[in-house]
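Q: sequence first, predicted model second:
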Amino acid sequence: MKEARPGRLELGRGVILTFQRFFYPTGGSVDQPPASLGALPVGRNALGAWLLPLADDECFWIGMSENRELAPAMLAVRAELGDAALVDAVTGQPWDARDAGELALPGTAWLAGLRQPGSGPLWTVFSNSSLVPAAQRCISLTFRLRARGDHGAGMATRLELVNYARFFSETGIRPPAPMEADAAYKGWRLP
């Protein structure tokens, strides 16, 4: 695991994650990643835990990119929810470490939230807002990265979602300024 740079988390094997924030949508679901209102910072506390700050009106989608070191990899994402449920974010099903959904890298550019099983692409947004029921509140995400073709456990990185005050007090990193709708990226969305 490499140290974080502002606004990104480097998992290793050349995989880089960013956490693109946006306003919590009516209904709590999206059918694609909305325009980003900026990347959220990622920081480590004194115990070495990775933290991501979120305000009550914020949620995020995960952007995935790679650097020159990228080796073909598979990424599984486990979400821990406020009701203690563990959910496979890729499939939307209960977490099963032996049969987790995985995203192929390179080849996947984003994960919009927790996949909702059923017809059509729809994701419940990643949020830890106190305004939503515990069953929809995301407490943490664990990323499991393994080499493509290797069926071992790979390496896991846990990211805890916290409020701005806790993030600042534990990491010393200032959280971002409040979001502004006019700040949305208006250029081309990357593939």
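A: Perfect, I can see it now. Numbering: from 1, shown residues only.
Q: which ones are touching the spatially most central residue of the chain?
A: By CA atoms, centre = their mean, the chain has its centre lying nearest to Ile62, at 4.5 Å. Applying CB atoms under 8 Å, 6 or more residues apart in numbering to Ile62 gives the contacts Leu17, Thr18, Phe19, Gln20, Val77, Trp110, Leu111, Phe126. From N, CA and C alone the C-beta is placed, and that goes for glycine too.
Q: residue contacts, the spatially most distant residue from the centre of the chain?
A: Largest separation from the mean C-alpha position in the chain: Gly149, at 24.0 Å (CA atoms, centre = their mean). Neighbouring residues of Gly149 by CB under 8 Å, 6+ apart: Pro72.
Q: so Ala85 makes contact with Pro94?
A: Yes. Judged on CB atoms under 8 Å, Ala85 makes contact with Pro94 at a distance of 7.2 Å.
Q: bridging residues for Arg144?
A: Judged by DSSP bridges, the bridge partners of Arg144 are Ala76, Ala156.
Q: wait, doesn't it sit right on Ala76?
A: Yes. With contacts counted by CB under 8 Å, Arg144 reaches Ala76, the gap being 4.3 Å.
Q: the two - which one has more neighbours?
A: In this view Arg144 and Ala76 are compared by other CB atoms under 10 Å, and Ala76 has more residues nearby, 22 against 18.
Q: can you pull the contacts of that one?
A: Ala76 neighbours (CB under 8 Å, 6+ apart): Asp88, Val90, Ala100, Gly101, Glu102, Leu103, Phe143, Arg144, Gly154.
Q: would you check how far apart the residue farthest from the centre of the chain and Ala73 are?
A: Applying CB to CB, to the nearest Å, the value for Gly149 to Ala73 is 10 Å.
Q: do the same with Asp182
A: Distance of Asp182 to Ala73, computed by CB to CB: 37 Å.
Q: try Trp123
A: 22 Å.
Q: which one's more surrounded, these two?
A: Neighbours per residue (other CB under 10 Å) separate Trp123 from Ala73, with Ala73 holding more: 24 against 21.
Q: wait, that one touches Asp150, no?
A: No. If you go by CB under 8 Å, Ala73 and Asp150 don't touch, sitting 9.1 Å apart.
Q: neighbours around the residue nearest to Arg44 when sequence neighbours are not counted, how many?
A: In space, and not counting its chain neighbours, Arg44 is closest to Trp50: 5.9 Å by CB to CB, 6 or more residues apart in numbering. Trp50 has 19 neighbours, counted by other CB under 10 Å.
Q: so Trp50 bridges to which residues?
A: Arg44, Leu159.
Q: where's it relative to Gly28, distance?
A: 24 Å.
Q: all helices of the chain, in order?
A: 164-171 (DSSP state H).
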